[in-house]
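Student: need a structure here:
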Amino acid sequence: MPHSQAKVHRMFELVEPIATVTFSEGPTEAFLALGMRNYWDGYFAGRAAPLGLVPAEVVHAVFYNFADGEVARHIPWVWGKTTPEEAIAVRERGSAAALRQMIGELADSPGLVRVADLATRAAVSAPTEGRALYAGLRAIDIPEEPVARLWHAATLLREHRGDGHNAALVTHGIGGTEAHVLLALSHGMRPEDFGRIHHLPKAQLAGVVDGLRARGLVDAAGGFTDAGRQTKERIEALTDELASPAYDVLSTDELDELVAGLEPIAAAAHAH
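Tutor: Numbering: from 1, shown residues only. Prediction:
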């Protein structure tokens with residue numbers, strides 16, 4: 001059954017810290033042990049692995065928000081050190097271990113098994129059409145161990161939402177770097193101080209901001225115009241709307257139970 005946008009957005013807030021344990025120190029070290037040169041090699045190997053051996057252009061298109069040339073520094077180089085199959089296994093093992101460490105005794109609670117089951121039911125229920133990364137993840141075997149299963153479900157839900165977010169950005173004509181600029185502005189930050197884009201050449205970043213200004217989304221001082229803020233809000237609302245089919249399989253009571261069960265786990269993961 002369809003659920004409220006507020007509840008769908010709440011699921012995003014709870015799933016995010018659980019899925020992103022993947023990008024923490026433990027899983028990164030596991031990738032470095034395979035011969036990766038740095039964090040980003042491991043990031044691209046692990047996150048792109050469900051797509052198989054595709055060229056950098058395809059990963060760039062699916063991931064959407066990296067600047068031109070960033071993906072190509074890592075893909076296909078990483079596939080000379082590992083295979084997609086090995087990267088999937090290393091990522092799952094490292095992420096489950098990291099999540100277990102972060103959530104402590106919650107990892108062995110009976111409630112976690114129920115939460116993992118509910119999350120997995122939702123995570124494998126959404127349509128895959130137009131969701132390339134989600135579809136790739138759906139083709140991977142679901143782990144049996146509950147903590148690994150919860151991480152896997154959170155990752156499926158995160159990337160399902162992410163694929164929908166990309167569709168929302170395309171719909172509103174917002175490119176990948178532009179999306180980061182809008183995110184920075186929504187946090188009250190200057191784009192050049194924002195983590196995901198601060199490394200870009202100043203002229204390149206200024207060009208992106210100028211493009212948004214020419215479209216009436218950014219004002220002379222570099223902040224949001226009303227139209228810019230409204231565009232960002234419409235993108236977020238559409239993203240929630242496109243994420244909601246994953247939860248239709250759950251009843252209102254089941255989704256409430258899932259939210260309640262995830263809250264202490266997400267809080268513990270977020271605290272690290």
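
Student: hey, which helix is longest across this structure?
Tutor: As assigned by DSSP state H, the longest helix anywhere in the chain is helix 146-171.

Student: model confidence over the helix or strand just after that one, on average?
Tutor: On the C-terminal side of helix 146-171, the nearest following helix or strand under DSSP states H and E is helix 176-186. Taken as a whole, helix 176-186 carries a mean pLDDT of 95.

Student: next structured bit after helix 176-186?
Tutor: Next element after helix 176-186 (DSSP H and E): helix 202-214.

Student: outside of that next one itself, list whatever touches it.
Tutor: For helix 202-214, the external contacting residues (C-beta atoms under 8 Å, 6 or more residues apart in numbering) are 67, 175, 177-178, 181-182, 191-192, 197, 218-220, 222, 228. Heads up, the C-betas are built off the backbone N, CA and C, glycines and all.

Student: follow-up on the earlier one: and the angle for the longest helix of the chain with helix 176-186?
Tutor: With axes from the mean of the first three to the mean of the last three C-alpha atoms, to 10 degrees as the basis, helix 146-171 and helix 176-186 are set at 100 degrees to each other.

Student: who are the packing partners of helix 146-171?
Tutor: helix 5-19, helix 84-103, helix 110-123, helix 132-138, helix 226-243 (3 or more C-beta pairs under 8 Å, 6 or more residues apart in numbering; DSSP states H and E).

Student: which strand or helix spans residue 41?
Tutor: In the assignment (DSSP H and E), residue 41 maps to helix 39-48.

Student: need the next SSE after that helix, C-terminal direction.
Tutor: Downstream of helix 39-48, the first helix or strand assigned by DSSP H and E is helix 56-63.

Student: got the angle for that next one vs helix 176-186?
Tutor: 30 degrees.

Student: farthest residue from the center of the protein?
Tutor: residue 220 (31.8 Å; C-alpha atoms, centre = their mean).

Student: can you tell me how far the closest residue to that residue other than its chain neighbours is from residue 5?
Tutor: The spatial neighbour of residue 220 that comes closest, neighbours along the chain excluded (C-beta to C-beta, 6 or more residues apart in numbering), is residue 213 at 7.4 Å. Applying C-beta to C-beta, to the nearest Å, the value for residue 213 to residue 5 is 30 Å.

Student: same deal with residue 112?
Tutor: From residue 112 to residue 5 the distance is 27 Å (C-beta to C-beta).

Student: next one: residue 188
Tutor: Distance, residue 188 to residue 5, using C-beta to C-beta: 24 Å.

Student: now stretch 260-272 - C-alpha only, CSV.
Tutor: The C-alpha trace of stretch 260-272 is given here as CSV (Å, rounded to 0.1, in the frame of the first residue of the first chain):
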residue,chain,number,x,y,z
ALA,A,260,11.1,1.7,15.0
GLY,A,261,13.5,-1.2,14.7
LEU,A,262,15.9,0.7,12.5
GLU,A,263,16.2,3.8,14.7
PRO,A,264,18.6,2.5,17.3
ILE,A,265,20.7,0.7,14.7
ALA,A,266,20.9,3.8,12.5
ALA,A,267,21.7,5.9,15.5
ALA,A,268,24.6,3.6,16.5
ALA,A,269,25.9,3.5,12.9
HIS,A,270,25.6,7.3,12.6
ALA,A,271,27.5,7.8,15.9
HIS,A,272,30.7,6.4,14.3
